[in-house]
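In: Would you be able to build a 3D model of this:
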Amino acid sequence: MSESAFRLIVRTGPNPGMVFDLTKEVTLFGRDVTNDIVLGDVEVSRQHARLTHTLGGYVLEDLGSTNGSFVNGERMIAPRTLNPGDLIGFGENVTLNFEAVSPDAAATIASHAAAPTPSPYPAQQPHVATPTPVAPIATPVPGTPGEAALQKRRLPIILAGGGCLVVLLACIAVMYWMPISWWCALLTPLRALGIAFEGC
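Out: Residues are numbered from 1 along each chain as shown. Now for the predicted structure:
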């Protein structure tokens, strides 16, 4: 009997029915086009998860994604060895089946499989999106290292704006409760120009 090969079949999310034969020792999943398996869905992080072929089988590891990785509906808190038939989830919208196949059945790396089976997740409309190359944007995705730098740049602007608002409100409060004698003292230079005010 020949050794089994393994594959992933997209059940919900972008490109339902798409088949990915697992031919590499390490397979990366995520929204970024540099991943081995690109999942163009907003719930998927740029670098979401890693699948590693070990002597004990395939081990799935979440890479600190924002919306989590799931196996059979349970959120992963540690790397987990997969069993044939396991349902892998990335965020709320993307699910893939992990299947064992004979090498003869694994003809292509990306082909369409039979109709997808229903998901065990609660019924919801899957978000279907096609991956498109995205130009670098100024605002990083939450959880990325660049987010902290962006937050640090925003902080002084927020503090300066808040400080100006406090000073403005303080000036308005002082002018509102200022005695009339102070007003007259402030407006004295204008009298020299011939401008007079009632009550002063």
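In: going forward, measure contacts between C-alpha atoms and count neighbours the same way
Out: Will do.
In: following the lengthiest helix in the chain, which helix or strand comes up?
Out: For the chain, the helix with the greatest residue count under DSSP state H is helix 145-177. Later in the chain than helix 145-177, the nearest helix or strand by DSSP states H and E is helix 180-191.
In: For that next one, name the packing helices and strands.
Out: Of the remaining helices and strands, none touches helix 180-191 by 3 or more Cα pairs under 8 Å, 6 or more residues apart in numbering; DSSP states H and E.
In: Buried residues in that helix, which are they?
Out: Within helix 180-191, the residues that count as buried by 16 or more other Cα atoms under 10 Å are Cys184.
In: relative to helix 145-177, how tilted is it?
Out: 90 degrees (axes from the mean of the first three to the mean of the last three Cα atoms, to 10 degrees).
In: any idea how far Cys164 is from Ile157?
Out: 11 Å (Cα to Cα, to the nearest Å).
In: before we move on, what about Thr95?
Out: 42 Å.
In: Neighbour count: the two, which is higher?
Out: Set Thr95 next to Ile157 and count neighbours by other Cα atoms under 10 Å: Thr95 wins out with 28 against 11.
In: Once you drop chain neighbours, what's closest to that one?
Out: Among residues not flanking Thr95 along the chain, Gly89 sits closest, at 4.3 Å (Cα to Cα, 6 or more residues apart in numbering).
In: can you tell me which residues contact that neighbour?
Out: Ser69, Phe70, Val71, Asn72, Gly73, Thr95, Leu96 (Cα atoms under 8 Å, 6 or more residues apart in numbering).
In: cutoff 7 Å now
Out: Counting by Cα atoms under 7 Å, 6 or more residues apart in numbering, Gly89 makes contact with Ser69, Phe70, Val71, Thr95, Leu96.
In: all strands for the protein, in order.
Out: Using DSSP state E, the strands of the chain run over 5-12, 18-21, 26-30, 37-38, 49-54, 57-62, 69-71, 74-75, 80-81, 87-90, 94-101, 110-112.
In: most tightly surrounded among those?
Out: Of these, the one with the most neighbours on average (mean count of other Cα atoms under 10 Å) is strand 87-90, at a mean of 25.
In: Please work out how many residues are found near Leu168.
Out: There are 11 residues near Leu168, going by other Cα under 10 Å.
In: Can you tell me how far Asp32 is from Met76?
Out: With Cα to Cα as the criterion, Asp32 and Met76 are 21 Å apart.
In: Between the two, point out the one with more neighbours.
Out: Neighbour count, other Cα under 10 Å: between Asp32 and Met76, Asp32 has more, with 21 against 16.
In: So what does the more buried one have for phi and psi?
Out: phi -70, psi 140 (degrees, to the nearest 10).
In: and the closest residue to it other than its chain neighbours, how many neighbours does it have?
Out: Spatially, and ignoring its direct neighbours in sequence, Asp32 is nearest to Arg46 (4.7 Å; Cα to Cα, 6+ apart). Arg46 has 24 neighbours, counted by other Cα under 10 Å.
In: Chain neighbours aside, what residue packs nearest to Gln47?
Out: Gly30 (4.6 Å).
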